[in-house]
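Trainee: structure, please.
(chains A and B)
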Amino acid sequence: KQEVTQIPAALSVPEGENLVLNCSFTDSAIYNLQWFRQDPGKGLTSLLLIQSSQREQTSGRLNASLDKSSGRSTLYIAASQPGDSATYLCAVRPLDSSYKLIFGSGTRLLVRP
Amino acid sequence: KAGVTQTPRYLIKTRGQQVTLSCSPISGHRSVSWYQQTPGQGLQFLFEYFSETQRNKGNFPGRFSGRQFSNSRSEMNVSTLELGDSALYLCASSLDGFYEQYFGPGTRLTVT
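Mentor: Here you go, the predicted structure:
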């Protein structure tokens, strides 16, 4: 059974720091992995999608990597800003035909001015 | 291009009642998925529809049901509401169920 873990559960950093969020999954048979951001009480905003054949994806200050064989993904945020404060969720899509995402519990990020 | 829309945004119901939530996907997307988010359980998959067919259902009781219309809009229904059904219900759309998922703002359901 696929399980997704995100550590740490919460992170507080000063503005300007580069930071890394971690996501691990137990079954490497995935179709893709997606990173989301969620602001309190709001829906999910898609940040990056990495297909299983890819190693990384970049969008602006965000870079996500995928090591399928070791069951790990990282989200790198460069030069963090207070506006980056949110909960970051990773989700994997299993290779089976379940048509669903399996989510981690998220990392709550606070960027202090 | 308009994003995923969900109505209503907030609902307050009492135990035993039923509720219907609506989701309009991004134009051209034929797959709609529903998720329940609670502080204790996180995000859990409810079901997925593609071209009016339910392709998968999560581990929820039969009180939770859904459907999809020919224009890809989807509804989910919860009957005989329980206090534990209080949650944020999120809808997501994608082209075919495998590509990038785009989520709506959610419907906050409170059961009293």
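
Trainee: now residue B:82: how far from residue B:61?
Mentor: According to CB to CB, to the nearest Å, residue B:82 stands 9 Å off from residue B:61. In this view, the C-beta of every residue, glycine as well, is placed from N, C-alpha and C.

Trainee: again, but for residue A:42
Mentor: Distance, residue A:42 to residue B:61, by CB to CB: 27 Å.

Trainee: before we move on, what about residue B:77?
Mentor: Applying CB to CB to residue B:77 and residue B:61 gives a distance of 13 Å.

Trainee: which SS state does the most centrally placed residue in chain B fall under?
Mentor: Centroid-nearest residue in chain B, with CA atoms, centre = their mean: residue B:34, separated by 3.5 Å. At residue B:34 the chain is in strand, as set by DSSP: H, G, I helix; E, B strand; the rest coil.

Trainee: circling back: the more surrounded of residue A:42 and residue B:61?
Mentor: Set residue A:42 next to residue B:61 and count neighbours by other CB atoms under 10 Å in any protein chain shown: residue A:42 wins out with 15 against 10.

Trainee: where does pLDDT dip in chain A?
Mentor: By pLDDT under 70, chain A contains no weakly predicted segment.

Trainee: typo on my end, it should be chain B
Mentor: Applying pLDDT under 70 to chain B flags the ranges B:1.

Trainee: which stretches of chain A form strands?
Mentor: Counting by DSSP state E, chain A has strands at residues A:4-7, A:10-14, A:19-25, A:30-38, A:44-51, A:56-59, A:62-67, A:72-77, A:86-94, A:102-103, A:107-112.

Trainee: as TSV, the ones you listed with mean neighbour count and distance to chain B would be great.
Mentor: Below are these laid out as TSV (neighbours: other CB atoms under 10 Å in any protein chain shown; distance: least, CB to the nearest CB, whole Å):
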stretch	mean neighbour count	distance to chain B
strand A:4-7	17	10
strand A:10-14	12	14
strand A:19-25	19	13
strand A:30-38	22	6
strand A:44-51	19	4
strand A:56-59	14	11
strand A:62-67	19	13
strand A:72-77	20	15
strand A:86-94	24	7
strand A:102-103	22	4
strand A:107-112	17	12
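
Trainee: tabulate those (a markdown table), appending distance to residue B:19.
Mentor: A markdown table is the format used below for the strands of chain A (distance: least, CB to CB, whole Å):
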| stretch | distance to residue B:19 |
| --- | --- |
| strand A:4-7 | 29 |
| strand A:10-14 | 33 |
| strand A:19-25 | 33 |
| strand A:30-38 | 23 |
| strand A:44-51 | 22 |
| strand A:56-59 | 37 |
| strand A:62-67 | 36 |
| strand A:72-77 | 35 |
| strand A:86-94 | 25 |
| strand A:102-103 | 23 |
| strand A:107-112 | 29 |
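
Trainee: nearest to residue B:55, out of those strands?
Mentor: Nearest to residue B:55, of all these, is strand A:86-94, at 13.2 Å by CB to CB.

Trainee: relative to strand A:30-38, how tilted is that closest one?
Mentor: Angle between the axes of strand A:86-94 and strand A:30-38 is 160 degrees (criterion: axes from the mean of the first three to the mean of the last three CA atoms, to 10 degrees).

Trainee: ok, residue A:40 - contacts?
Mentor: Residue A:40 makes contact with residue A:87 under the criterion CB atoms under 8 Å, 6 or more residues apart in numbering or on different chains.

Trainee: oops, could you answer that again for residue A:69 instead?
Mentor: Neighbour list for residue A:69: residue A:28 [criterion: CB under 8 Å, 6+ apart].
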